[in-house]
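*Asks:* Next come a sequence and a model predicted from it.
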Amino acid sequence: MQWPLEALLPAKGTTTVSVVLPARDEESTVGDIVTVIRRDLVERTPLVDEIIVVDSNSTDATAVRAAAAGARVVAQGAVLPQLPPLTGKGEALWKGLAAARGDIIVFVDADLRNFGSHFVSGLLGPLLMNRNIQFVKAAYERPFIGEDGVARRGGGGRVTELVARPLLNMFWPELSGFAQPLGGEYAARREILEQVPFVTEYGVEFGLLVDLLHLVGLDAMAQVDLGSRTHSHQSVAALGRMAGQIMATAWSRLERQGRVLTSEPPSHSLLQFGLDGDAELVDVAVAERPPLASLVLEEDVA
């Protein structure tokens, strides 16, 4: 289904929209993404009220490029600085939610190489046109771009196919229809995002899907087809660590829902081997930020 801007703008009414981009060392792409959003959805059609880039301890010019393109740049550590610092993508998303002012929050990864403003307007469509929808996830083709620069269809999303999708089908089959459960493009009403915890590492998208299913139910969740999505790819070792974090996230949800019982917790250590046989022991444990609403309530009481 198409979501023309001329239909979305009247439906927006007084609803405010924040687009949040978590970014760590994304100087080559973040400026272009912000420029497109500002040009198409702020200046030409006032659909977006603010663009926030959460600078997640970048060592390059990410913050400079984002600010020059017109984003409000916030340093991850400067949001709620009284809290002990944590790391990971989920931490940047949670801090972005805390910093944003909009009634609807749109999350977009900062490493997209074929970004179009339809990524944002498409996610907003169901939320603006149907007040019963609380959460919208993007679906897209994810080609793998090899070192030769050739796009190979179906080659992207390796952790999705090997880890996330099997886990969802086994334990949360209601969510099996989401084509890109680990994709970084999704939108939701802030009032429901504030009611769920955020895993601070790469299990954040998996955890949000499971927790929002429990909170709002499948009928309040939707997905939109945004075409194709290309982005930078990580090494196999990095994907292994990501897979471990997602499995840890799934395990925590199964425990929380009373669906698994164990005499001792699973190990969070992952032994990885390099091409030369060298081994490295890495920690794939995941931390969580509590629902933002609970934090605000605690501060109000204090």
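*Replies:* Nice, thanks for sending it over. Numbering: from 1, shown residues only.
*Asks:* Once you drop chain neighbours, what's closest to the residue nearest the centre of the chain?
*Replies:* Nearest to the mean C-alpha position of the chain, by Cα atoms, centre = their mean, lies residue 184 at 3.7 Å. Using Cβ to Cβ, 6 or more residues apart in numbering and skipping residues adjacent in sequence, the residue nearest residue 184 is residue 109, 3.6 Å away. C-betas here are computed from N, CA, C, even on glycine.
*Asks:* residues contacting the residue nearest to the centre of the chain?
*Replies:* Residue 184 sits next to 22, 89, 107-109, 205 when contact means Cβ atoms under 8 Å, 6 or more residues apart in numbering.
*Asks:* What of residue 31?
*Replies:* By Cβ under 8 Å, 6+ apart, the contact list for residue 31 reads 65-66, 68-69.
*Asks:* Give me the buried subset of those residues.
*Replies:* Buried by 16 or more other Cβ atoms under 10 Å: 65-66, 69, out of those.
*Asks:* In helices only, show me those residues.
*Replies:* By the criterion of DSSP state H, membership of those in helices covers 65-66, 69.
*Asks:* Any chance of TSV for the residues you listed, columns pLDDT?
*Replies:* As requested, those are exported to TSV (pLDDT from 0 to 100):
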residue	pLDDT
65	98
66	98
69	98
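*Asks:* coming back round to it: going by distance to residue 172, which of the buried ones among the contacts of residue 31 wins?
*Replies:* Nearest to residue 172 among the buried ones among the contacts of residue 31, counting by Cβ to Cβ, is residue 66 at 35.0 Å.
*Asks:* Setting aside sequence neighbours, what's the nearest residue to that closest one?
*Replies:* Once flanking residues are discounted, residue 66 sits nearest to residue 53: 3.9 Å by Cβ to Cβ, 6+ apart.
*Asks:* counting contacts, what elements does the helix or strand that the one you found is a member of pack onto?
*Replies:* Element membership for residue 53 (DSSP states H and E) is strand 50-55. Strand 50-55 is packed against strand 17-23, helix 30-38, helix 62-69, strand 72-75, helix 89-99, with contacts defined by 3 or more Cβ pairs under 8 Å, 6 or more residues apart in numbering; DSSP states H and E.
*Asks:* between it and helix 62-69, how big is the angle?
*Replies:* Interaxial angle of strand 50-55 relative to helix 62-69 (axes from the mean of the first three to the mean of the last three Cα atoms, to 10 degrees): 160 degrees.
*Asks:* quick revisit: distance to residue 272 added to the contacts of residue 31, as CSV?
*Replies:* As requested, the contacts of residue 31 are exported to CSV (distance: Cβ to Cβ, whole Å):
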residue, distance to residue 272
65, 33
66, 33
68, 38
69, 37
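*Asks:* Buried residues in stretch 19-37, which are they?
*Replies:* So stretch 19-37, judged by 16+ other Cβ under 10 Å, has buried residues 19-27, 29-31, 33-37.
*Asks:* still on that earlier bit, can I assume the residue nearest to residue 184 is in contact with residue 24?
*Replies:* No. If you go by Cβ atoms under 8 Å, residue 109 and residue 24 don't touch, sitting 10.7 Å apart.
*Asks:* Provide a list of residues in contact with residue 280.
*Replies:* For residue 280, the contacting residues are 271-274, by Cβ under 8 Å, 6+ apart.
*Asks:* actually residue 201, not the one I wrote
*Replies:* Counting by Cβ under 8 Å, 6+ apart, residue 201 makes contact with 87-90, 245, 284, 286-287.
*Asks:* Most neighbours among those, please name it.
*Replies:* Counting neighbours by other Cβ atoms under 10 Å, the top entry in the contacts of residue 201 is residue 245, with 29 neighbours.
*Asks:* quick one: contacts for that one?
*Replies:* Contacts for residue 245 (Cβ under 8 Å, 6+ apart) come out as 199, 201-203, 284, 286.
*Asks:* Need the phi and psi values for it.
*Replies:* For residue 245, the backbone dihedrals (degrees, to the nearest 10) come out as phi -70, psi -40.
*Asks:* The strand or helix carrying residue 226 pairs with which strands, and in what direction?
*Replies:* Using DSSP H and E, residue 226 falls within strand 221-228. In the sheet, strand 221-228 lines up against strand 135-141 (parallel) (DSSP bridges).
*Asks:* Run through who's touching the strand holding residue 226.
*Replies:* By Cβ under 8 Å, 6+ apart, the residues outside strand 221-228 that reach it are 1, 3, 114, 118-119, 122-123, 125-126, 130, 133-143, 177-179, 185, 212-213.
*Asks:* about what we covered before: hmm, the residue nearest to residue 66 is touching residue 75, no?
*Replies:* No. Residue 53 is not in contact with residue 75 according to Cβ under 8 Å; the separation is 10.1 Å.
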